[in-house]
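>>> Fold the following for me, if possible:
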Amino acid sequence: MAISKQELEFNKNDDAMRLKIKHLERELDKIYEGGGKKKIEKHHSKGKLTARERIDLLLDSNTDRFEVGALAGYGMYKEHGGCPSGGVVIVIGYVSGKQCIVVANDATVKAGAWFPITGKKNLRAQEIAMENNLPIIYLVDSAGVYLPMQDEIFPDKEHFGRIFRNNAVMSSRGIPQIAAVMGSCVAGGAYLPIMSDESLIVNKTGTIFLAGSYLVKAAIGESVDNETLGGAVTHTEISGVCDYKSENDEECLATIRELMDQIGQAQSAGFDRKESQAPKKELKDVYGIIPQDRAKPYDVREILKCIVDDSKLTEYKKDYGKTIVTAYARIDGWSVGIVANQRSISKTAKGEMQFGGVIYSDSADKAARFIMNCNQKNIPLIFLQDVSGFMVGSKSEHGGIIKDGAKMVNAMANSVVPKFTVVMGNSYGAGNYAMCGKAYDPRLIVAWPTAELAVMSGASAAKTLLQIEVASLKGRGEEITAEREKELFDKIKNKYDEQISPYYAASRIWVDAIIDPAETRKVLSLGIEMANHKPAEKPYNVGVIQT
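Predicted coordinates for the structure are as follows:
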């Protein structure tokens, strides 16, 4: 039986996506080894579990979890030996049935020292906790600031000290914080467990002090060993700094589970949830739907039908502003409002062509109104990005594209219901902003392996930069041959392509994770459950909007 052209295209797309997912899995497997097998063996020889082993033992078995920033630091700090996963593991999961976020220093990576990306990742964890009233558990095992880069981690607003400011703010808001000192906890870092609600320390391996024995000797001439200076016995029997002493990692984690079991029920934001229904389409059908060739059109509704309950959408203004699909649906039972870029080419009522992936005035106007409606109804918002930007040209400018785009950005930015963003494909220019990019506070933002984030596509940017470069060289009297021009173009494009990769974005925590598209439904459901812990703090007000 002959395979149709459509089936052949689906299979090619499916193969391409599976290759990208395999590459992602290989890279993550390397990252999960932290500082490497020798460092792990040395860690175990001290009677300590690794950060990931601790988290596995702490979390409820057979429950969903989501790792934030696994790719943080990817390809960075090569001159310092690298920093896998930013030297800290952060997971949203369940402990004693309570959803929480766990932050565990990875002492196999530079003894758990803080690189600049470590600080950014820790602050992201605290941001998630504060935005969602989510309990946070710190598993501390860190040598403190990585001194060769101290100028990039110590003094600024979003640096190391912000951690302790956030400890204080979370405490004032009643967000539970539990800290377990399971290794080193030195200098300024010593404040973190003590600014938490309750603290635990593991005997013989956990230590807390403002200055270690060598520094104490140098500073005041006192000779004292680290255990006497700041070990578990000192801090549970003499100083009273810690609340619980544990004999090993396992006992410490079991005690945390007991403490979490005692926490009262979280308040609710009141998001509507019914019994979950599986999509009628297979989740992995997404692989074959999104084109391998990013210029080709596709119908985003087919992707949505792989994600939403019963594959059912209630579209808002279906036949208006066709380059954005706005729809009510359910994801794992949760009521959601979806704003998704539409890549298929369409016609307006006037017979004008609209190109997919571009936001036109009518699309922006429709999306703004839909976002307002979701806020009115207390419905969380899901943004699915595959956007090239806003439409340009004299016709669009005369039609007020800037005004309509500003309306959409205003409505989205002021949203008081939680927002979640999935970067499926392109995320270029102001389209990234309007579709709730990182700068607009999505509760979670994830990317598929097919994502690209940049001001513009690699080809467009390279052509623009090439024109500037060629003009500059000609101005200096250099003759530019066709071969030389191609060489310049390829050099510029290769560099730009590296920067628009989802791995580049994930390494800098512009996105929280790169995920298998088939995991999208699970991640969004977990995120909405997390967000349901915190009601909106203020009425929805979009401010001044040009109409």
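>>> and the gap between residue 141 and residue 292?
From residue 141 across to residue 292, the span is 43 Å (CB to CB, to the nearest Å). Where C-beta positions appear, they are placed from N, C-alpha and C, glycine not excepted.
>>> Which of these two has more residues huddled nearby?
Ranked by neighbour count (other CB atoms under 10 Å), residue 141 and residue 292 place residue 141 first, with 29 against 16.
>>> Enumerate every residue touching the more buried one.
Residues counted as contacts of residue 141 (CB atoms under 8 Å, 6 or more residues apart in numbering) are 48, 51, 104-107, 112, 181-185.
>>> Provide a list of residue ranges in the stretch 51-200 of the chain with pLDDT below threshold.
188 (pLDDT under 70).
>>> Go through the helix or strand encompassing residue 256 and flag the buried ones.
Here residue 256 sits within helix 249-261, counting by DSSP states H and E. For helix 249-261, burial by neighbour count (16 or more other CB atoms under 10 Å) applies to 249, 252-253, 255-257, 259-260.
>>> ditto for stretch 369-388
Quick answer for stretch 369-388 (16+ other CB under 10 Å): 369-372, 374-375, 378-388.
>>> Which of the residues you listed fall within helices?
Filtering those for membership in helices, criterion DSSP state H, returns 369-372, 374-375.
>>> Tell me which two of these sit farthest apart.
Farthest apart among those by CB to CB are 369 and 375. That separation is 11.0 Å.
>>> Could you spell out the sheet neighbours of the worst-scoring helix or strand of the chain on mean pLDDT, each with its direction?
The helix or strand of the chain with the poorest confidence is strand 353-354; it has a mean of 72 (mean pLDDT, DSSP states H and E). Here strand 353-354 is paired, per DSSP bridges, with strand 346-347 (antiparallel).
>>> how far out from the middle of the chain is the strand it pairs with?
34 Å (CA atoms, centre = their mean, to the nearest Å).
>>> averaged over its residues, what pLDDT does that strand have?
Averaging pLDDT along strand 346-347 gives 76.
>>> what's next to that strand, contact-wise?
In contact with strand 346-347 (CB under 8 Å, 6+ apart) are residues 322-323, 353-354, 356.
>>> Could you grab the helix/strand/coil label for the nearest residue to residue 449 once chain neighbours are set aside?
Nearest residue to residue 449, sequence neighbours excluded (CB to CB, 6 or more residues apart in numbering): residue 20, at 3.6 Å. Assigned state for residue 20: helix (three-state reduction, DSSP: H, G, I helix; E, B strand; the rest coil).
>>> Relative to residue 72, how far out is residue 20?
For residue 20, the distance to residue 72 equals 20 Å [CB to CB].
>>> Neighbour count: these two, which is higher?
Legend: neighbour count by other CB under 10 Å for residue 20 and residue 72, higher for residue 72 (28 against 19).
>>> which residues sit in contact with that one?
Contacts of residue 72 by CB under 8 Å, 6+ apart are 85-86, 88, 117-118, 120-121, 506-509.
>>> which SS class is residue 47?
Secondary structure for residue 47, judged by three-state DSSP, is coil.
>>> I'd like to know how many residues surround it.
Neighbour tally, residue 47, other CB under 10 Å: 12.
>>> Report whether the expected contact of it with residue 246 is present.
No - checked against CB atoms under 8 Å, the pair residue 47 and residue 246 is beyond contact range at 11.9 Å.
>>> quick one: the residue with the largest distance to the centre of the chain from residue 168, how far?
Computed with CA atoms, centre = their mean, the residue of the chain farthest from its C-alpha average is residue 477, at 47.7 Å. Applying CB to CB, the value for residue 477 to residue 168 is 62 Å.
>>> cool, residue 42 as well?
As judged by CB to CB, residue 42 and residue 168 stand 36 Å apart.
>>> Of these two, which one has the most company?
Of the pair residue 42 and residue 168, residue 42 is the one with more neighbours under other CB under 10 Å, namely 14 against 11.
>>> List the buried residues in the helix or strand harbouring that one.
With elements taken from DSSP H and E, the one containing residue 42 is helix 37-45. For helix 37-45, burial by neighbour count (16+ other CB under 10 Å) applies to 39-40, 43.
>>> I'd like the next helix or strand past that helix.
Moving toward the C-terminus from helix 37-45, the next helix or strand (DSSP H and E) is helix 51-58.
>>> In a strand, residue 91, correct?
Yes - counting by three-state DSSP, residue 91 is part of a strand.
>>> Look up which residues are beta-bridged to it.
On the basis of DSSP bridges, residue 91 is bridged to residue 67, residue 102.
>>> mind listing what it touches?
With contact taken as CB under 8 Å, 6+ apart, residue 91 is in contact with 55, 59, 65-68, 101-102, 104.
>>> quick one: the strands in the stretch 201-350 of the chain?
207-209, 244-246, 314-315, 324-331, 334-341, 346-347 (DSSP state E, counting those that start in this stretch).
>>> ditto for the stretch 351-500 of the chain
In the stretch 351-500 of the chain, the strands defined using DSSP E, counting those that start in this stretch lie at 353-354, 358-359, 381-387, 389-390, 419-428, 444-447, 452-454.
>>> least reliable of these going by mean pLDDT?
Of all the strands of the stretch 351-500 of the chain, the minimum mean pLDDT falls on strand 353-354 (a mean of 72).
>>> contact partners of that one?
322-323, 345-348, 360.
>>> Tell me how far that strand lies from the chain's centre.
Strand 353-354 has its C-alpha centroid displaced from the chain centroid by 34 Å (CA atoms, centre = their mean).
>>> same thing with stretch 140-148?
Relative to the mean C-alpha coordinate of its chain, stretch 140-148 is positioned 23 Å out (CA atoms, centre = their mean).
>>> What of stretch 160-177?
Averaging C-alpha positions (CA atoms, centre = their mean) puts stretch 160-177 20 Å from its chain's average.
>>> Buried residues of that stretch, list them for me.
So for stretch 160-177, counting by 16+ other CB under 10 Å, buried means 160-163, 166-167, 170, 175-177.
>>> Now go through these and say which are in strands.
Counting by DSSP state E, the buried residues of stretch 160-177 place residue 177 in strands.
>>> Residue 152 contacts residue 118, doesn't it?
No - if you go by CB under 8 Å, residue 152 and residue 118 don't touch, sitting 10.8 Å apart.
>>> neighbour-wise, which of these two wins?
Neighbours were counted for residue 152 and for residue 118 using other CB under 10 Å; residue 118 has more, 29 against 15.
>>> check contacts around that one.
Listed by CB under 8 Å, 6+ apart, the contact set of residue 118 reads 72-73, 83, 86-88, 146, 153.
>>> Also residue 85?
Contacts of residue 85 (CB under 8 Å, 6+ apart): 31, 34, 69-73, 106, 109.
>>> How about residue 263?
Each residue near residue 263 by CB under 8 Å, 6+ apart is listed here: 98, 135, 176.
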